[in-house]
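> Give me the fold of what follows.
(one chain, ligands or ions: 1)
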Amino acid sequence: MTSKTTRSLNETQEAQIVEEKIYKANGDAAYKRYSKGRFLGKGGFARVYEFLNLETKQISAGKVISKSSLTKSRARQKLMSEIKIHRSLIHRNIVRFEHFFEDSENVYILLELCTNQTLSELIRRRKRLSELEVQCYTSQVISALKYLHAHRVIHRDIKLGNLFLSDKMEIKLGDLGLATKLEFDGERKRTICGTPNYIAPEILDGSHGHSYEVDTWSLGVLIYTMLIGKPPFETNDVKLTYRRIKMNAYSFPEQVPVSKEARDMISEILINDPAARPSLDDLLAHPFLTKNLVPKLLPASTLAVPPSSA
Ligand code: ADP
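Numbering: from 1, shown residues only. So this is what the prediction gives:
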């Protein structure tokens, strides 16, 4: 069944009903109905709400993108590329793409609902995480990245705010808005993109293009940020941050205890030459991730307080 057009009705009712027009095999039109509920958050283009499928009772995160924000063909192309890449991915540590449709006003993307916010809110609440938690989350992010890279996809925006936590406290990598799929393995990408604190030096340099290793760099920034509580190259001036990244100028603050294995892993990743960075398999075998048993999942209590064993 295809979903060509849809319409929104019942603007006056408390929970707004969104209708998706579908066509049955015999050509008759029918509607799938969703109740648009709680507001979950706002991104660059989208407003995100809980969407309840009134037939199946399944609840999803519904990204609502106003068509008025898609008048430029570049914006439309970017959204289509995000949808095309995201819908092809199925992995337990990647936010599941469920469905998309449109009506006259909006494009709707239904995603797996992640009920425990992102690592960004977690760090804001907890300040920083214990090594056990960082080991657990890092292993899951590496698992998602291995899957993406095996499918020739570079995420290009690995950061706290794009790592969601499910109801079971599983990591779900989301926001494929900057992702790109390589045509062939040796291809180099040239678009300058990313989030300032997490951007890899070869993207800033620009002369040789970039590839999968930019995700590894951002992973290094992520691990540092989870352990220390703030990103390694952060300043209050983006240009200065970029200069620090290019000069590899970061340090470990004395007041935060960090194990040798954790420091080693971070400093092995944050190397300016992308070819000299460890592979994702090297990282999975690194002492930081193998020195002790790492739980597959953490209890929900760690949303507020450190795990008791840490
Ligand atoms: P954009 O692509 O426009 O930047 P995001 O994907 O960052 O939008 O989503 C914006 C906000 O919506 C997020 O910060 C989060 O609060 C919420 N959100 C997005 N996806 C989900 C999801 N799958 N489950 C729960 N909340 C979500």
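
> for the closest residue to the ligand within the stretch 151-300 of the chain, helix, strand, or coil?
Closest contact between the stretch 151-300 of the chain and the ligand, by C-beta to the nearest ligand atom, is at residue 175 (4.3 Å). Just so you know, the C-beta spots here come from the backbone N, C-alpha and C atoms, and that holds for glycine as well. What DSSP: H, G, I helix; E, B strand; the rest coil gives for residue 175 is coil.

> what's the burial count for it?
Counted with other C-beta atoms under 10 Å, the neighbours of residue 175 add up to 23.

> can I assume it is in contact with residue 157?
Yes. Between residue 175 and residue 157 there is a contact at 6.1 Å, judged by C-beta atoms under 8 Å.

> just to revisit the earlier point, can you pull the pLDDT of the residue of the stretch 151-300 of the chain closest to the ligand?
With respect to pLDDT, residue 175 scores 94.

> how about it, phi and psi?
The phi and psi values for residue 175, taken as degrees, to the nearest 10, are phi 50, psi 80.

> Name the nearest residue to it, ignoring sequence neighbours.
Computed as C-beta to C-beta, 6 or more residues apart in numbering, the closest residue to residue 175 that is not its neighbour in sequence is residue 162, at 4.5 Å.

> Report the separation between residue 71 and the ligand.
Separation of residue 71 from the ligand (C-beta to the nearest ligand atom, to the nearest Å) stands at 16 Å.

> Tell me how many other residues crowd that residue.
Residue 71 is flanked by 8 other residues according to other C-beta under 10 Å.

> Going forward, count from 49.
Understood, numbering begins at 49; the last thing we discussed is residue 119.

> Pull the contacting residues for the closest residue to the ligand within the stretch 249-358 of the chain.
Distance from the ligand to each residue of the stretch 249-358 of the chain (C-beta to the nearest ligand atom) is smallest for residue 351, at 14.4 Å. Applying C-beta atoms under 8 Å, 6 or more residues apart in numbering to residue 351 gives the contacts 164, 170, 173, 213, 217.

> hey, where'd the strands end up in the stretch 149-298 of the chain?
Using DSSP state E, counting those that start in this stretch, the strands of the stretch 149-298 of the chain run over 154-159, 201-202, 211-213, 219-221, 228-229.

> Hmm, residue 220 and residue 214 touching each other?
Yes. Residue 214 lies in contact with residue 220 (C-beta under 8 Å); the separation is 5.6 Å.

> more crowded one of these two?
Taking other C-beta under 10 Å, residue 214 and residue 220 do not tie; residue 220 has more neighbours (23 against 18).

> got the residues of the stretch 149-298 of the chain near the ligand?
Contact residues (C-beta under 6 Å from any ligand atom) of the stretch 149-298 of the chain with the ligand: 159, 160, 161, 162, 212, 222, 223, 225.

> If we ignore the residues flanking it in sequence, what's nearest the second one?
Meaning residue 160. In space, and not counting its chain neighbours, residue 160 is closest to residue 144: 3.7 Å by C-beta to C-beta, 6+ apart.

> can you check the fourth one too?
Nearest residue to residue 162 in three dimensions, chain neighbours excluded: residue 212, at 3.5 Å (C-beta to C-beta, 6+ apart).

> In the stretch 249-358 of the chain, mark out all the helices, start to finish.
249-253, 261-276, 286-295, 308-317, 328-332, 335-338 (DSSP state H, counting those that start in this stretch).

> Relative to the whole chain's centre, how far out is the longest one?
Mean C-alpha position of helix 261-276 versus that of the full chain (C-alpha atoms, centre = their mean, to the nearest Å) differs by 13 Å.

> quick check: angle from that helix to helix 308-317?
Orientation check (axes from the mean of the first three to the mean of the last three C-alpha atoms, to 10 degrees): helix 261-276 against helix 308-317 gives 150 degrees.

> circling back: give me every residue that touches the residue nearest to residue 162.
Contacts for residue 212 (C-beta under 8 Å, 6+ apart) come out as 143, 162, 164, 165, 166, 219, 220, 221, 222.

> Go again with 7 Å.
Residue 212 is in contact with 143, 162, 166, 220, 222, counting by C-beta atoms under 7 Å, 6 or more residues apart in numbering.

> All set, thanks.
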